[in-house]
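>>> I would like to see how this sequence folds:
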Amino acid sequence: MAENLAETVEKYFRANRTHDLKLMRSILADDVEITSQAGTVKGADACVELVDKFLTQTGGIDPQPGPLLIDGDTVAVQIQAHLAQLKEIRNLGDFFTIKNGKITHLFIYQANTTKMA
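Have a look, this model is predicted:
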């Protein structure tokens, strides 16, 4: 089971890295919720639209996740998100709930932002 959770999370980061909205949609439950400091977005199509808007506005992202911490259907991971066009590195914590290979909830916590040299 842990392998399936890790595979789903890897697909999530790959979809972000490559701006692959089809892949992103394929790993989201229809009733997924994504919550961040900005608020909560509900539903897979709305979440894909949010990801597309973010990736388009920022010029893309290169997420560099640390080790995955897996407990039951929950995965926690610390990420350094490199946004080259904005010349920023954002330190994030992502907390996934995954059921049957689909992300049902994602909480994204942004700790801080560092400017790239």
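>>> For this protein, which strand extends over the most residues?
Ranked by residue count and defined by DSSP state E, the top strand of the chain is strand 102-115.
>>> quick one: buried residues of it?
Using 16 or more other CB atoms under 10 Å as the test for burial, strand 102-115 gives 102-106, 108. From N, CA and C alone the C-beta is placed, and that goes for glycine too.
>>> what helix or strand does Ile34 sit in?
Element membership for Ile34, per DSSP states H and E: strand 28-36.
>>> Could you check the angle that strand makes with strand 102-115?
Strand 28-36 and strand 102-115 are oriented at 30 degrees to each other (axes from the mean of the first three to the mean of the last three CA atoms, to 10 degrees).
>>> now for the helix or strand just after strand 28-36, which elements pack on it?
Beyond strand 28-36 on the C-terminal side, the first helix or strand identified by DSSP H and E is strand 39-42. Under the contact definition 3 or more CB pairs under 8 Å, 6 or more residues apart in numbering; DSSP states H and E, strand 39-42 sits against strand 28-36.
>>> ok, Pro67 touching Val75?
No - counting by CB atoms under 8 Å, Pro67 stays clear of Val75, with 10.6 Å between them.
>>> Can you tell me what sits against stretch 36-53?
Stretch 36-53 is contacted from outside by 15-16, 19, 21, 24-25, 28-35, 107-110, using CB atoms under 8 Å, 6 or more residues apart in numbering.
>>> give me that answer again for 7 Å
Contact partners of stretch 36-53, identified using CB atoms under 7 Å, 6 or more residues apart in numbering, comprise 16, 21, 24-25, 28-34, 108, 110.
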